[in-house]
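Undergrad: coordinates only, sequence not included:
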């Protein structure tokens, strides 16, 4: 249904949203969510400044906040000029103009939409997409250019984006900065990581918004190679909680052909303003009409479990772009990986070549250094173990030539993605794996030499097709080539999607590490089965990660899509197999099992070494049993930074699983079993921390219990400090 919206009395709306406006608006209109949970107000001020505000019931969520841009009209950069201090700068101000005031309202429309769509994989089989929509058509009076703003209001949040229709005068333009505001109502508690153009691999800080600046210097010092822009800049997805108990999350959806959005906080006005990732020249986005920005998202719920259940970001993405998705499937895998991360093995083959020239360096004459992990004997050992225990695939890193000088050199031709090391017999190992019911998983580390990867991409995917690989883990470690570009700029955003769509032509699934954090594109391109894009398990081998980290990630990083977190580390003392590594995993073994439920992904890894699993085969049984693709999910208890407990039903056979994790505090819950089918009996196998378990001193202390339960029961679970639990249910006939 589509209809025009009548203008409402501006004075009345000022009372409804509080007297936050400096002047009476020239035009005002409102939109309610389907169940009237949220109310959006759009205003055009007397000076033509577009603003919006958002309420949850009678509570303000976003106070009147401005919308718009600073644009550069010319595509050509201005001339160079030397400043008095000797600095040479480009003169472009003469070409730039404000595109955030001076608008007039041409017309506006309203629409209601309600559908239920089927996922290819995910936390649910079916997702409802129900919203009311407001589209306002604006004209910039000074330039004559048009801009539309489309708002979609759900019962759990708001998405809005800027749209630029075809315009003979504004066919091409450059964004100097997007000036979207998010005016907060108070000094909320936030879970945040520093704004950074190239990394999300931080531990989260929990603080009031007013304390961000005070913490920032210390947080940046903990990460090498940061590219931060402000002492008050943070990344999205940003999770907050008000003193009144509302949960608010700021993020973006459907990031395509546009730079990643960060947020810069102004303490005086309690306002976040968008800050886009720049290109090598400092400009933000290059646009061609008709076009639109990604969605800016504001999720609002009155409980943490509702926030985790929100599918707003996925819903704002376009439907699946592929006619055939039969080749896309969930995968449980192991890998020749942790032994390189933790230290006893390496990706490289020899110490003979401090400088490698791909296609010229002759590895057949090199002396092996003896620590190469991806060798024939070792890979066969992994294949045997993975096959014996029912896994689908085996990732092998370091199989291809070039690792001797792969990082820190800003090198163009670093890998060719097709040539194996002398001790890696690709045809023979592939044949051996297939004979054991295992597929090999490809690894494409690019060293951020993106032009080089695109040169070789077609040949690399062809090689995968030749040997039956159907999944690739790609990596983008280091500074980007072309030099000066950032991981989260428009150019790289386009590359990541190009890699996914090219892979789809070869029926290849992609798991991209160090790439842009997800924004729900896995709905449109479901062969994007995973990303890293956060501080993952590997940091447990680099000194450890605080336990609360995994209770925050589902609210933040996972808001836009699944993470290849690589859980399942059973041996916490890394020095037992890597004498030079004194790191200690900051989690109990039961916590590692719980992560298979709290960190959902269709691509789920058992990351530890075979010999470490062999010591705990009774606990390893849960990793073998747990599903990775779900019919439905029920979040039962949650609080960011504290704990998460969730029940999930497997899509394939309907089996239920339950899991939870906690922070550094011990916790006990009585978990209702009402997610189970009424009138049926189940055997529950509970994997839980032992009484003396502790993430710092006794990681591997766990107990396994079996009991009979029904939907009427409550299951008492105790989680040790840094602990967790996992339960598998089998229906009794």
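TA: That came through fine. Note that the structure is a prediction, hence the values are computed from the model and not measured. Residues are numbered from 1 along each chain as shown.

Undergrad: The stretch 51-200 of the chain: strands as residue ranges?
TA: Taking DSSP state E, counting those that start in this stretch as the criterion, the stretch 51-200 of the chain carries its strands at 59-66, 69-72, 80-82, 88-90, 96-99, 103-118, 126-140, 146-154, 157-164, 172-178, 181-183, 189-192.

Undergrad: Put together a markdown table for those strands, with mean pLDDT on each row.
TA: Shown next, in a markdown table, are the strands of the stretch 51-200 of the chain (pLDDT from 0 to 100):
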| stretch | mean pLDDT |
| --- | --- |
| strand 59-66 | 98 |
| strand 69-72 | 95 |
| strand 80-82 | 59 |
| strand 88-90 | 57 |
| strand 96-99 | 92 |
| strand 103-118 | 97 |
| strand 126-140 | 98 |
| strand 146-154 | 97 |
| strand 157-164 | 98 |
| strand 172-178 | 96 |
| strand 181-183 | 98 |
| strand 189-192 | 98 |
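
Undergrad: want to try CSV for these, with mean neighbour count and distance to residue 579 as columns?
TA: From N, CA and C alone the C-beta is placed, and that goes for glycine too. Formatted as CSV, the strands of the stretch 51-200 of the chain follow (neighbours: other C-beta atoms under 10 Å; distance: least, C-beta to C-beta, whole Å):
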stretch, mean neighbour count, distance to residue 579
strand 59-66, 20, 54
strand 69-72, 22, 56
strand 80-82, 9, 56
strand 88-90, 11, 53
strand 96-99, 18, 59
strand 103-118, 14, 51
strand 126-140, 18, 49
strand 146-154, 22, 54
strand 157-164, 23, 50
strand 172-178, 21, 51
strand 181-183, 22, 50
strand 189-192, 23, 36
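
Undergrad: Dump those into CSV; add distance to residue 591 as well.
TA: Converted to CSV, the strands of the stretch 51-200 of the chain look like this (distance: least, C-beta to C-beta, whole Å):
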stretch, distance to residue 591
strand 59-66, 34
strand 69-72, 45
strand 80-82, 56
strand 88-90, 52
strand 96-99, 49
strand 103-118, 33
strand 126-140, 29
strand 146-154, 33
strand 157-164, 30
strand 172-178, 40
strand 181-183, 34
strand 189-192, 19
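
Undergrad: wait, which of these is closest to residue 470?
TA: Taking C-beta to C-beta as the criterion, strand 103-118 is the member of the strands of the stretch 51-200 of the chain that comes nearest to residue 470, at 21.7 Å.

Undergrad: could you check the angle strand 126-140 makes with the closest one?
TA: 170 degrees (axes from the mean of the first three to the mean of the last three C-alpha atoms, to 10 degrees).

Undergrad: helices and strands around strand 103-118, which ones?
TA: strand 2-4, strand 27-32, strand 38-44, strand 126-140 (3 or more C-beta pairs under 8 Å, 6 or more residues apart in numbering; DSSP states H and E).

Undergrad: out of the ones you listed, nearest to residue 352?
TA: Residue 352 sits nearest to strand 126-140 of all the helices and strands packed on strand 103-118, at 54.3 Å, using C-beta to C-beta.

Undergrad: Work out the sheet partners of the closest one and label each with its direction, please.
TA: strand 103-118 (antiparallel), strand 146-154 (antiparallel) (DSSP bridges).

Undergrad: and the angle from that strand to strand 38-44?
TA: Going by the same axes, to 10 degrees, strand 126-140 makes 10 degrees with strand 38-44.

Undergrad: tell me how far strand 126-140 is from the chain's mean position?
TA: For strand 126-140, the distance from its own C-alpha centre to the chain's C-alpha centre is 24 Å (C-alpha atoms, centre = their mean, to the nearest Å).

Undergrad: That one vs strand 157-164, what angle?
TA: 40 degrees.

Undergrad: Let me know the angle separating strand 126-140 from strand 27-32.
TA: In terms of direction (the same axes, to 10 degrees), strand 126-140 departs from strand 27-32 by 180 degrees.

Undergrad: quick one, strands of the stretch 401-550 of the chain?
TA: Listed in chain order, the strands of the stretch 401-550 of the chain (DSSP E, counting those that start in this stretch) span 439-445, 471-475, 509-513, 528-531.

Undergrad: And the first one, how far out from the chain middle?
TA: Right, strand 439-445. In terms of C-alpha atoms, centre = their mean, the centre of strand 439-445 is set 21 Å apart from its chain centre.
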